[in-house]
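[1] The amino acid sequence is not available; the structure is as follows:
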């Protein structure tokens, strides 16, 4: 999922611009047939979750109502918070891992590119600052999100450059000193 600490998000659906995200009500979804309402509410709640102060300072409870009990989130394995996250307990751990990785994770622009039944395609442009290194970067994310019975059931984010994202989150390893004769440290 993408998280935001700002509300500078424009929302465009197949029917046109819906206006800035973050201004819609954070109430639980009322119509199982309206995936855009579900996603807008979730992104607003996600923003409040991060704004509460980072690791351990916010409760997953403000997000739980937007996710199906059997939700599955597939993150790229190369990321610090990579892997497949299952159910509400997995999502709670994911949001904690995400907030441990990022000090800031702002959605600069967000477009809902299409709704096909229960599946929504969301394109977001992100500006993030890594908590461990202070490095900042901007990158796009495209997500396919399945909304079933008014709840998010499956999420698959696609990142342009997972290596750059992962690199921004960790300090580089110190250069290894070479052993005798310029070969490896244990070679002789």
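    Thanks, I have it. Since the structure is predicted, the reported quantities are computational estimates derived from the model, not experimental observations. Numbers count the residues shown, from 1 in each chain.

[2] so residue 134, which of the three states?
    Under DSSP: H, G, I helix; E, B strand; the rest coil, residue 134 falls in the coil class.

[3] burial of it, as a residue count?
    The local packing of residue 134 (other C-beta atoms under 10 Å) involves 9 other residues. (Glycine included, C-beta is placed from N, CA and C.)

[4] Could you do residue 120 as well?
    So residue 120, with other C-beta under 10 Å, has 22 neighbours.

[5] Beta-bridge partners for it, please?
    residue 115, residue 145 (DSSP bridges).

[6] What of the one 5 residues further on?
    In this structure, residue 125 has the following beta-bridge partners (DSSP bridges): residue 109, residue 140.

[7] quick one, what contacts it?
    107, 108, 109, 110, 138, 139, 140 (C-beta atoms under 8 Å, 6 or more residues apart in numbering).

[8] State the distance from it to residue 58.
    According to C-beta to C-beta, to the nearest Å, residue 125 stands 24 Å off from residue 58.

[9] Tell me where the chain has helices.
    35-51, 61-64, 87-101, 162-169 (DSSP state H).

[10] Quick one: closest of these to residue 76.
    With C-beta to C-beta as the criterion, residue 76 lies closest to helix 162-169 of the helices of the chain, at 4.7 Å.

[11] If you count neighbours, what's buried in that closest one?
    162, 165, 166, 167, 168, 169 (16 or more other C-beta atoms under 10 Å).

[12] angle of it against helix 87-101?
    Orientation of helix 162-169 against helix 87-101 (axes from the mean of the first three to the mean of the last three C-alpha atoms, to 10 degrees) gives an angle of 60 degrees.

[13] same question for helix 162-169, mean pLDDT?
    Averaged across helix 162-169, pLDDT comes to 93.

[14] Which elements pack onto it?
    Packing partners of helix 162-169 (3 or more C-beta pairs under 8 Å, 6 or more residues apart in numbering; DSSP states H and E): strand 119-130, strand 136-148.

[15] What lies in contact with the longest one?
    The set of residues external to strand 136-148 that reach it, using C-beta under 8 Å, 6+ apart, is 1-2, 32, 35, 38-39, 68, 104, 108, 118-130, 152-161, 164-165, 168.

[16] filter those to the buried ones?
    By 16+ other C-beta under 10 Å, these give 1-2, 35, 38-39, 68, 104, 119-130, 152-155, 157, 159, 165, 168 as buried.
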